[in-house]
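Participant: structural data only, the sequence is not supplied:
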């Protein structure tokens, strides 16, 4: 009779432990270093506090619930009154309350000064690393401030609650609230990014007030207190502030037609809305709606870059955690050369994104950098956001079958990353916007080139790449009719040069050297893990 084994039939072996109770800021050397460079006077303990909070099991569980028990649209109350309220799981409100309490929506405006936008960016990336969807209302609220300031009376009325760190999700008279959030409603079904094709109308009824009628194909965060809306006035396309609740407490006609059923970004309610006699207050000059929102668009594009970089950090952090705790074929995965090469490449991409995003945020702390950020924001938005889905997939694959299940966070991240490449202008729109900026604002080209020129002579591969970039820029300028055909190639080349410049200037030498070899060299590969000779794989993996 065989001996009885003293084992259960189900014993869990060789699985990574939960990645919880960690300090995400302490584990992210690239972000720490970038903050040290671009916001040297920052009180970094606040980032450690945020990092510890989002690293808890509870926060991660809230993130899961907010994305599985998703927003619900309530068109009418029980008595038949049209209310158009959006109901969220309490976990979403806990996440929002925490981020607002830390000023991650408007701290750069509430407490301006050197490094203010960098500090806000660092906190935004830390929370977005774990829960991405709530970043949308945070971003729009942050971005609305410069547009609103074009109408000082409106800014004076709304800014105290905008800059508050109180989260109050109840829809009621804004005058009775200590804190408010903003959204925006720009695009329509027939136009998309071509907002000048908008058909929503605005009829002037006196004292800057207009009645809006029309339909918006995408309206993010419809639960917000107020929105910036584009509509056609008598003078042309104009921008309006549309509150959900009017002074005195009556509901403004803001008819939510349906919530969008999106691939990802599930915790964030996105909707179609209809305006039918909806009151809006003119913001900025009549007929200058695009000019009014242009600064807002720049800042929401910046947040797309921040969000994509945060997603890359989540991807490589989860992949490296798994590889350090899982063994296969006689060794821990992280010690297997093939896996180490993939992790090093994922970390290299994440570092380049983090350094570029933080450098870009620093440009918003410096008025003299306006020309640089005009071009650099669009270039970084195009490339980093476009790389996000590939990075998320490769990170997911490192976990094997676990990565493909919803029980682990990278399945959600894989579905999340594409929205950042679509929101605020998809690839072609951004590439064409770069061409437009180059043609209309030549000072932006000079400023961008100056950033690259400062690093010439530090690495041969970088120098050669900058020459290619300059050649493409010259070709686009010489043949404007043919330029759209090379727009994507041009912007990709500019983005790689942008990343190379910031890494050569500030990142540790092994990171900068690896980037030049792997991304600018002649034998560069689109496949993660196909690193050329000379890359310090161990140094990169140690930073993952």
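Facilitator: Okay, I see it. Here the structure is a predicted model, which is why all the values come from computation and not from measurement. Numbers count the residues shown, from 1 in each chain.

Participant: buried set for stretch 438-446?
Facilitator: By 16 or more other C-beta atoms under 10 Å, the buried positions in stretch 438-446 come out as 438, 444, 445. In this view, the C-beta of every residue, glycine as well, is placed from N, C-alpha and C.

Participant: which SS class is residue 180?
Facilitator: For residue 180, the secondary-structure state derived from DSSP: H, G, I helix; E, B strand; the rest coil is coil.

Participant: how far away is it from residue 246?
Facilitator: 14 Å (C-beta to C-beta, to the nearest Å).

Participant: who's more crowded, the two?
Facilitator: residue 180 (23 against 14; other C-beta atoms under 10 Å).

Participant: shouldn't the more buried one be in contact with residue 171?
Facilitator: No. Checked against C-beta atoms under 8 Å, the pair residue 180 and residue 171 is beyond contact range at 10.5 Å.

Participant: mind listing the shared neighbours of the two?
Facilitator: residue 225 (C-beta atoms under 8 Å, 6 or more residues apart in numbering).

Participant: point out where the stretch 51-200 of the chain drops to low pLDDT.
Facilitator: By pLDDT under 70, the stretch 51-200 of the chain contains no weakly predicted segment.

Participant: next one: the top helix by length along the chain to chain centre, how far?
Facilitator: In the chain, assigned by DSSP state H, the helix with the most residues is helix 289-325. The chain centre lies 4 Å from the centre of helix 289-325; the measure is C-alpha atoms, centre = their mean, to the nearest Å.

Participant: quick one: list the elements packing against it.
Facilitator: helix 116-130, helix 135-148, strand 226-233, strand 236-243, strand 331-332, helix 337-363, helix 370-398, helix 409-422 (3 or more C-beta pairs under 8 Å, 6 or more residues apart in numbering; DSSP states H and E).

Participant: so which of the ones you listed is the most packed in?
Facilitator: helix 116-130 (a mean of 27; mean count of other C-beta atoms under 10 Å).

Participant: angle of it against helix 289-325?
Facilitator: In terms of direction (axes from the mean of the first three to the mean of the last three C-alpha atoms, to 10 degrees), helix 116-130 departs from helix 289-325 by 50 degrees.

Participant: show me what counts as buried in the helix or strand encompassing residue 33.
Facilitator: Element membership for residue 33, per DSSP states H and E: helix 29-38. Within helix 29-38, the residues scored as buried using 16+ other C-beta under 10 Å are 29, 30, 31, 32, 33, 34, 35, 37, 38.

Participant: not counting sequence-adjacent ones, nearest residue to the first one?
Facilitator: Right, residue 29. residue 543 (5.0 Å; C-beta to C-beta, 6 or more residues apart in numbering).

Participant: relative to residue 514, how far out is that neighbour?
Facilitator: 11 Å.

Participant: which of those two has more neighbours?
Facilitator: Between residue 543 and residue 514, residue 514 has the larger neighbour count (other C-beta under 10 Å), namely 27 against 21.

Participant: dump the residue contacts of the more buried one.
Facilitator: For residue 514, counting by C-beta under 8 Å, 6+ apart, the contacting residues are 344, 348, 531, 535, 536, 539, 540.

Participant: repeat the analysis, applying 10 Å as the threshold.
Facilitator: 344-345, 347-348, 351-352, 503, 507-508, 531-532, 534-537, 539-540 (C-beta atoms under 10 Å, 6 or more residues apart in numbering).

Participant: how about the helices and strands packed on helix 289-325, which one is nearest residue 486?
Facilitator: With C-beta to C-beta as the criterion, residue 486 lies closest to helix 370-398 of these, at 13.8 Å.

Participant: before we move on, back to that, can you redo the buried residues of helix 29-38 as JSON lines with pLDDT and distance to residue 458?
Facilitator: Conversion of the buried residues of helix 29-38 to JSON lines gives the following (pLDDT from 0 to 100; distance: C-beta to C-beta, whole Å):
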{"residue": "29", "pLDDT": "98", "distance to residue 458": "21"}
{"residue": "30", "pLDDT": "98", "distance to residue 458": "19"}
{"residue": "31", "pLDDT": "98", "distance to residue 458": "23"}
{"residue": "32", "pLDDT": "98", "distance to residue 458": "23"}
{"residue": "33", "pLDDT": "98", "distance to residue 458": "18"}
{"residue": "34", "pLDDT": "98", "distance to residue 458": "18"}
{"residue": "35", "pLDDT": "98", "distance to residue 458": "23"}
{"residue": "37", "pLDDT": "98", "distance to residue 458": "16"}
{"residue": "38", "pLDDT": "98", "distance to residue 458": "19"}
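
Participant: now, which of those sits nearest residue 365?
Facilitator: Closest to residue 365, out of all of these and judged by C-beta to C-beta, is residue 38, at 8.1 Å.

Participant: ok, that closest one touching residue 354?
Facilitator: No. Residue 38 lies out of contact with residue 354 (C-beta atoms under 10 Å); the separation is 11.2 Å.

Participant: where do the contact lists of those two overlap?
Facilitator: 121, 122, 502.

Participant: quick check: neighbours shared by residue 543 and residue 514?
Facilitator: What both residue 543 and residue 514 touch, as defined by C-beta under 10 Å, 6+ apart, is the set 344, 347, 348, 351, 508.

Participant: tell me the two of those residues that are most distant?
Facilitator: 344 and 508 (13.5 Å).

Participant: now do the shared contacts for these two.
Facilitator: 514, 536, 539, 540, 543.

Participant: check those against residue 8 and report the nearest one.
Facilitator: Using C-beta to C-beta, those come closest to residue 8 at residue 543, 39.1 Å.
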